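**Q** Kindly return the folded structure for what I paste below:
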Amino acid sequence: MNDNHFKFSNAVIGLPVFFVLFLWIIYWVQIRFDFDFYQNGIYPRDFSGLQGVLFSPFIHENLDHLYNNSIPLLVLLAAMQFFYPKQTFAVIAFGILFSGLITWIIGRENYHIGASGLIYVLVSFIFFKGIQTRYYRLVALSLSVILLYGGMIWYVFPDVDKTISWEGHLAGFITGFGMSLFYKTPEYAKPIVYEWQKPDFNPDQDAFMKHFDESGNFVNTEVEEEELEVLSSYYNSNFSVNYTVTKRESDDEI
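**A** Predicted coordinates for the structure are as follows:
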């Protein structure tokens, strides 16, 4: 794969905008009709709490909670759709599923809501997958994600902020890493390696390089007799000169 595979499409803008808009519509319905969606969140180790595995990423506590999740989702989903278009929907769907299940297993006995778990899935996947490919554009993307959201790593630890679901963050981080190992990407274009750059290259055995010393100066070496015979036979067999003799008519015959 080369740079031509990174193509802009309407989905690069449409996917993140649609996803975030959907979150805002749900929140508007919640406050407009006074719906209590909190009970549809993840409640760990409770059978009814399993519904939150699917619903919790779309439920937010307040406007600040929704806003703080909306901006990262816009950026990360656009990056996913541009650089990993074939894996984007699978990472979103299975990221929500597996991060939710892990949260349901390890979480505190409380309702866990919000899209932050999905954000950690995306950050983790983009970072680890870019490093694994060792392709310069994707490595640069990984480093950019760390510069923007590297501080989020502290919120996967307990007691940093008891008002947040560190379990959901940790579950998302683990899920993103696991999916980066599972989903394979095509081979990306690698730099051209010339023969003289290879570790097993021996300049003494190279027909061209042996005419130069270690400093790169030309050395007028004598051509061996065997080489002369080979060159002579090559030119004699591959090059021939044909002469055509024509008789010029005399002036009297014109």
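**Q** Quick one: low-confidence residue ranges for the stretch 1-150 of the chain.
**A** Applying pLDDT under 70 to the stretch 1-150 of the chain picks out residues 1-5.
**Q** Tell me which stretches of it form helices.
**A** Taking DSSP state H, counting those that start in this stretch to define them, one finds helices in the stretch 1-150 of the chain at 10-32, 52-55, 63-83, 88-106, 116-133, 136-149.
**Q** Dump the shortest one to CSV, restricted to CA.
**A** What it means is helix 52-55. Taking Å, rounded to 0.1, in the frame of the first residue of the first chain, the C-alpha atoms of helix 52-55 are listed here in CSV:
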residue,chain,number,x,y,z
GLY,A,52,-25.8,-0.8,28.9
VAL,A,53,-23.1,-2.5,26.8
LEU,A,54,-25.0,-1.3,23.8
PHE,A,55,-26.7,1.8,25.1
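**Q** Can you tell me which helices and strands that helix packs against?
**A** helix 88-106 (3 or more Cβ pairs under 8 Å, 6 or more residues apart in numbering; DSSP states H and E). Where C-beta positions appear, they are placed from N, C-alpha and C, glycine not excepted.
**Q** Same question for the helix it packs on: list its buried residues.
**A** 88, 91-92, 94-96, 98-100, 102-104 (16 or more other Cβ atoms under 10 Å).
**Q** quick check, nearest of the residues you listed to Ile126?
**A** Nearest to Ile126 among the buried residues of helix 88-106, counting by Cβ to Cβ, is Val91 at 9.2 Å.
**Q** That closest one contacts Tyr183, correct?
**A** Yes - using Cβ atoms under 8 Å, Val91 makes contact with Tyr183 at a distance of 7.3 Å.
**Q** Report the residue ranges of every domain in this structure.
**A** 3-182, 195-238 (automatic domain parsing).
**Q** Point out the most buried one among those domains.
**A** Greatest average neighbour count among these goes to domain 3-182 (a mean of 18), per mean count of other Cβ atoms under 10 Å.
**Q** where's it relative to the chain centroid, distance-wise?
**A** Relative to its parent chain, domain 3-182 has a centroid offset of 17 Å by Cα atoms, centre = their mean, to the nearest Å.
**Q** Among the buried residues of helix 88-106, find me the one that's closest to Gly117.
**A** Ser99 (4.5 Å).
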